[in-house]
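Participant: what's the 3D shape of this:
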Amino acid sequence: MVSIRQTTSDALVKPTLEGLLKAKTFVVTAETSPPVSIDGNLVLEKIAPLAGYADAINITDGAGARSHMASLATAHFLVQAGFEPILQMTVRDRNRLALQNDLLGAGALGVQNILCLTGDHVSTGDQPNAKMVMDLDSCSLMEIAHNMRDKNTLPSGRPLTGTTPQFLIGAADAPRDPTGGWSPEAVRAKIMAGASFFQTQFCFDIKLVKKYIQCLRSEGFLEQAKFLIGIGPIASAKSAIWMNKNLYGVEIPKNIINRIDSSKDQKAEGKKICSEMLEQLSEIKGVAGAHLMGPNSEQAVAEIIQTSGILDSRAIT
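Facilitator: Numbering: from 1, shown residues only. This is a model prediction of the structure:
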C-alpha cells in the first residue's frame, strides 16, 4: 500500500478542518472520486498532488449516479495516509438503517467530516433502471448525525455506547442572486438540522458571491455556519458552456467563457482564472473558504492552490 503524508512530522499536528474554520482561517478543500477498483493504491496515487495544499478532501459518493469504490472505504485510505477526508453521504442509495450504520462506521474509522447530500438522480447514470431509495432527505440525515454527536442516541432512542462520534456536519447550497427569488429557508432548515459548514455549487461570478454572502449575513447565517464557495479549473470554453447547460445552479459569466475561448491555451487559462478567483474569494469578508472541484483535476487543483499563494500567509506552527 502506498503511504503518503502531507508533511513529515507536521502531519501529526496538522490542524483539523473544524479547527481551521473555528480559527477563521480561509480554508481550501478539494474533491476526488473513488476509482472503479478495489485497489487502495489508486486512491492514494490520485490524491498525492494535493498533499500539503488541500485542508481536506471530499470523497464523492456515487457521483453521476455511477458505481465506484465505497466512499467510506476510500475515506479510510485517506485517514491512514494522513489526509483529512470529507465523507459525502447521499440518501439516494441507502435507507435510514444503512445510513446509520455508515455513520457509526465513519466515526469508528476516524472520519469526522460528513457532507449530507441527496445525490444525482439515477436517470443521469449508466444504470438508469436502478431504484432511488430516498428513505430520508438530506436534512434528516443531518439530524441523525447531529443527535449521534450531541445526544448520543439513534433515532429509535437506543443509546450509543463507548466513544461519542465528533461529526462536523456539512451541507450543500448554490449561490443565487437575491433578486431572482432566492429564499433563505433551505439554508435555515439545514442549519437547524445540524449543518455547521456549507460547500456550494460552482460559482465563477464574484459579484454574485458578494450578493449571496450579504444575504446570508442579513439572515444571521454567517454566525451559525461557515460557507465555502465552489470553484474549479475550467478545461475549455466548450466545457464552460456544457456546465451552464447541464449543472444545476451554475452560470459561468460570458466574459469568462470569452476569455478562455480567445486564449491560446484554454486549459492553462482556465487554471489561471481559478487561481485569480481563489485570491479574490479570500478577500471577501464572510467567505470561509473555497471548495475546488473538477473531474480528475487533483493535479490541476494543487497547482492552482500553489500559484494563488493562498497558504503563504498562514502562520507556521
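
Participant: ok, now which ones touch the nearest residue to S123 once chain neighbours are set aside?
Facilitator: For S123, ignoring the flanking residues on the chain, the nearest one in space by Cβ to Cβ, 6 or more residues apart in numbering is A65 at 7.6 Å. (C-beta placed from N, C-alpha, C; glycine too.) Contacts for A65 (Cβ atoms under 8 Å, 6 or more residues apart in numbering) come out as R92, G119, D120, H121, V122, S123, T124, G125, D126, Q127, P128, A130.

Participant: surely the last one touches T124?
Facilitator: No. The pair formed by A130 and T124 falls short of the contact definition of Cβ atoms under 8 Å, at 11.0 Å.

Participant: those two: which has the busier surroundings?
Facilitator: Neighbour tally, A130 and T124, criterion other Cβ atoms under 10 Å: the higher count belongs to A130, 15 against 11.

Participant: buried residues, stretch 49-66. List them.
Facilitator: 49-51, 53-63, 65 (16 or more other Cβ atoms under 10 Å).

Participant: likewise for stretch 180-187?
Facilitator: Neighbour-count burial for stretch 180-187 flags W182, V187 (criterion: 16+ other Cβ under 10 Å).

Participant: need the mean per-residue confidence for it.
Facilitator: For stretch 180-187, mean pLDDT is 88.

Participant: and the contacts of that stretch?
Facilitator: Residues outside stretch 180-187 that contact it (Cβ under 8 Å, 6+ apart) are D173, R176, F198, Y212, C215, L216, E219, F221, A225.

Participant: then it to PDB, C-alphas only?
Facilitator: This file holds the C-alpha atoms of stretch 180-187, laid out as PDB (Å, rounded to 0.1, in the frame of the first residue of the first chain):
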ATOM      1  CA  GLY A 180     -34.100  36.200  -8.700                       C
ATOM      2  CA  GLY A 181     -36.300  34.800  -5.900                       C
ATOM      3  CA  TRP A 182     -33.700  33.400  -3.600                       C
ATOM      4  CA  SER A 183     -35.200  32.100  -0.400                       C
ATOM      5  CA  PRO A 184     -33.200  31.500   2.900                       C
ATOM      6  CA  GLU A 185     -35.400  28.700   4.000                       C
ATOM      7  CA  ALA A 186     -33.400  25.800   2.600                       C
ATOM      8  CA  VAL A 187     -30.200  27.100   4.300                       C
END
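
Participant: great, nothing more from me.
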